[in-house]
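> Take this sequence and fold it.
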Amino acid sequence: MPTYNKLIRDKIPGIIAITGKKANTATLSDEDYINELRKKTKEELQEYLAAENDADALEELADLLELMHALTNVHGSTIEDVEKIREKKAEQRGGFNDRVYLVDVE
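Purely as a prediction, here's the structure:
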């Protein structure tokens, strides 16, 4: 029997049950939940970095976005609030669309 010990999406236990297997799960404390969200974010970022094509990259970005929604929630906010912060920073400092690469400063 494989042991996973990792945060999973909410519907995964039901999907496992459809296959005739039983998933043993636990509900995390707030502190453990935040820690596991952070670990999952690192995992998904690594999967994005390893993606070999646009379709796979977009799948991993969708996973990262789902984690962003969960993380904003545990920090008492919303993705809309994060978007406002992003927009303000983009207005003040710009985005990354111009591909500007800083070599050095004299």
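> CA atoms for contacts and neighbours, from now on please.
Noted.
> can you give me the helices for this protein?
12-18, 30-50, 54-74, 79-93 (DSSP state H).
> Rebuild these as a markdown table, extending it with distance to D104.
Shown next, in a markdown table, are those (distance: least, C-alpha to C-alpha, whole Å):
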| stretch | distance to D104 |
| --- | --- |
| helix 12-18 | 48 |
| helix 30-50 | 26 |
| helix 54-74 | 31 |
| helix 79-93 | 18 |
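> possible to save the ones you listed as JSON lines with mean pLDDT?
Formatted as JSON lines, the helices of the chain follow (pLDDT from 0 to 100):
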{"stretch": "helix 12-18", "mean pLDDT": "96"}
{"stretch": "helix 30-50", "mean pLDDT": "97"}
{"stretch": "helix 54-74", "mean pLDDT": "98"}
{"stretch": "helix 79-93", "mean pLDDT": "97"}
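> Out of these, flag the one nearest V103.
helix 79-93 (17.8 Å; C-alpha to C-alpha).
> Pull the residues that contact that closest one.
M68, H69, T72, G95 (C-alpha atoms under 8 Å, 6 or more residues apart in numbering).
> what about E91, distance to L64?
24 Å (C-alpha to C-alpha, to the nearest Å).
> what's around S77, how many residues?
13 (other C-alpha atoms under 10 Å).
> Are any of the contacts of helix 79-93 buried, and if so which?
Among the contacts of helix 79-93, the ones that count as buried by 16 or more other C-alpha atoms under 10 Å are M68, H69.
> Looking at the contacts of helix 79-93, spot the one nearest T19.
When the contacts of helix 79-93 are compared against T19 (criterion: C-alpha to C-alpha), the nearest one is H69, at 29.0 Å.
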